[in-house]
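Chemist: sequence plus predicted model, see below.
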Amino acid sequence: MKKKNILNLIRYYSEKNDLQFRNEAIEIARYFDQNGDHQLSEYIMSLLSDVNTFVPQSDSFESSFFKELSINSEPLPLPKQIADDIKGIINAVNHHVGINKFLFEGAPGTGKTESVKQIARLLDRRLYMVEISELIDSKMGQTSKNMVTIFNDINELPHPSKVLILFDEIDAIALDRVNSNDVREMGRVTSTMLRELDKLNEEVVLIATTNLYQNFDKALTRRFDSTINFDRYDREDLIEIAESILNTLLKKFKSAGRDMKLFKKIIGNMETIPNPGELKNLIKVSLAFSDPNNDFDYLRRLLQTTQNLSEENELNELKKMGFTVREIELLTGVSKSQVARELRGE
């Protein structure tokens, strides 16, 4: 520990800067822990757990356990059944009857986290994500103490009705207590979270997401008012979502041309259409890597990325996939007349 740590503590205390004071104290606790003085480190952390770590003079807060997420206004394409569930959450919160804890489960890239951002926007709430990596501690029992600290901080918020808390990928702390590798430690953490969820301020909205719902602790699942399944996309949903993603991205890529019929054919010819997260990356990369002097180069790149076409028989393969002569010309750069001749076998 350096002299500046002590000076910073005094300065932050005199300035009533609670956030920086806490962060500096945590750094000091880590220093003692790394140097073998575990008891003193734990004592400092226990003192901090009894202190409101948020800055009361501001509507915003952050600490070592939280970070604020920006909320964009871009449209979020979702299947109707999932979109209806999101509307249901908005309605439930606005009824003010204490329904405020939700669990989103589904594979990566299905829109769980993006949906949380949209909910925060629609409810006009600040969105804060719990830093799971900061929460988990290798020292026995410390993760449970951190969990208590987090919920104490949440319950002492000056404006709870203006906050949405996200536990993103909560799997790391909420897997089944029976099947986890460290049964006792995970049991303590999960049991702590069960108690803290029961005491959560009803004005705060809390949403957790998981990719591993099948391993999720069932007692913890029951603490949530509703569980939303995001694995409900069929091929038609994904094709429509791909079209929506492209329409949004084309506003940024002014040089790119628009041919939705051809684009949907390319997506529809994919053997397996990926979830929206991966789908967005595929389309964005195709646009980003495209030749700005070729309006439809991004479609050619998208086709090459999603299909394993042979160079020798490419034109015939494209015809079998349902592409017209004009579309094949756009995708390959081969003139219509040459495409027609090769398809006739001339």
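Modeler: Now that the structure is in, tell me what you want to look at.
Chemist: when you work out contacts or count neighbours from here on, use the C-alpha atoms and nothing else.
Modeler: Will do.
Chemist: distance check, the residue nearest the centre of the chain against residue 105.
Modeler: For the chain, the residue nearest the mean C-alpha position is residue 113 (3.2 Å; CA atoms, centre = their mean). Residue 113 sits 10 Å away from residue 105, going by CA to CA, to the nearest Å.
Chemist: who touches both of those two?
Modeler: residue 209 (CA atoms under 8 Å, 6 or more residues apart in numbering).
Chemist: domains for this structure, by residue range?
Modeler: According to automatic domain parsing, the chain comprises the domains 1-51, 53-229, 235-343.
Chemist: want to throw those domains into CSV with mean pLDDT?
Modeler: As requested, the domains of the chain are exported to CSV (pLDDT from 0 to 100):
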stretch, mean pLDDT
domain 1-51, 74
domain 53-229, 84
domain 235-343, 91
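Chemist: winner for burial among these?
Modeler: domain 53-229 (a mean of 18; mean count of other CA atoms under 10 Å).
Chemist: roughly how far is that one from the heart of the chain?
Modeler: Counting by CA atoms, centre = their mean, to the nearest Å, domain 53-229 is centred 12 Å from the centre of its parent chain.
Chemist: now do the contacts for the residue lying closest to residue 282 once chain neighbours are set aside.
Modeler: Nearest non-adjacent residue to residue 282, counting by CA to CA, 6 or more residues apart in numbering: residue 302, 7.2 Å away. Contacts for residue 302 (CA under 8 Å, 6+ apart) come out as 266, 282, 283, 286.
Chemist: could you redo the last one with a cut-off of 10 Å?
Modeler: Contacts for residue 302 (CA atoms under 10 Å, 6 or more residues apart in numbering) come out as 263, 266, 267, 282, 283, 284, 285, 286, 287, 290, 331.
Chemist: circling back to that earlier point, any idea which helix or strand carries the residue nearest to the centre of the chain?
Modeler: Assessed by DSSP states H and E, residue 113 sits inside helix 112-123.
Chemist: the next helix or strand after that helix versus helix 112-123: what angle between them?
Modeler: As assigned by DSSP H and E, the chain's next helix or strand after helix 112-123 is strand 126-130. Per axes from the mean of the first three to the mean of the last three CA atoms, to 10 degrees, the angle that strand 126-130 makes with helix 112-123 is 150 degrees.
Chemist: contacts for strand 126-130?
Modeler: By CA under 10 Å, 6+ apart, strand 126-130 touches 59-71, 116-121, 150, 160-170, 205-208.
Chemist: change it to 8 Å
Modeler: Taking CA under 8 Å, 6+ apart as the rule, strand 126-130 contacts 60, 65-71, 117, 120, 162-168.
Chemist: just the ones in strands from the residues you listed, please.
Modeler: Using DSSP state E, the subset of those located in strands is 66, 67, 68, 163, 164, 165, 166, 167.
Chemist: so which elements touch whichever strand or helix holds residue 319?
Modeler: In this structure, residue 319 sits in helix 314-320 according to DSSP H and E. Secondary-structure packing of helix 314-320 (3 or more CA pairs under 8 Å, 6 or more residues apart in numbering; DSSP states H and E): helix 325-332, helix 336-343.
Chemist: residues making contact with that helix?
Modeler: 309, 325, 328, 339, 342, 343.
Chemist: 10 Å instead, please
Modeler: Helix 314-320 is contacted from outside by 308-311, 321, 323-325, 327-329, 331-332, 334, 339-340, 342-345, using CA under 10 Å, 6+ apart.
Chemist: check the gap between residue 113 and residue 278 for me.
Modeler: Between residue 113 and residue 278 the distance, using CA to CA, works out to 14 Å.
Chemist: ugh, wrong one, residue 237
Modeler: Going from residue 237 to residue 278 by CA to CA gives 15 Å.
Chemist: got it, and residue 222?
Modeler: Here the criterion is CA to CA. By it, residue 222 lies 31 Å from residue 278.
Chemist: quick check: the closest residue to residue 107 other than its chain neighbours vs residue 145, distance?
Modeler: Once flanking residues are discounted, residue 107 sits nearest to residue 211: 5.2 Å by CA to CA, 6+ apart. According to CA to CA, residue 211 stands 25 Å off from residue 145.
Chemist: CA atoms only for the helix holding residue 319, dumped as CSV, please.
Modeler: What follows is helix 314-320, C-alpha atoms only, in CSV (Å, rounded to 0.1, in the frame of the first residue of the first chain):
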residue,chain,number,x,y,z
GLU,A,314,-21.0,-22.3,-58.9
LEU,A,315,-23.5,-21.0,-61.5
ASN,A,316,-25.4,-24.3,-61.6
GLU,A,317,-25.5,-24.6,-57.9
LEU,A,318,-26.9,-21.1,-57.6
LYS,A,319,-29.6,-22.0,-60.1
LYS,A,320,-30.6,-25.1,-58.1
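Chemist: picking that back up, distance of the residue nearest to residue 282 from residue 227?
Modeler: According to CA to CA, residue 302 and residue 227 sit 35 Å apart.
Chemist: got it, and residue 306?
Modeler: 33 Å.
Chemist: please, where are all the helices along the stretch 101-250 of the chain?
Modeler: 112-123, 132-135, 142-155, 171-174, 183-198, 218-221, 235-250 (DSSP state H, counting those that start in this stretch).
Chemist: remind me what the fifth one packs against, helices and strands.
Modeler: In other words, helix 183-198. Applying 3 or more CA pairs under 10 Å, 6 or more residues apart in numbering; DSSP states H and E, we find helix 183-198 packed against helix 142-155, helix 171-174, helix 218-221.
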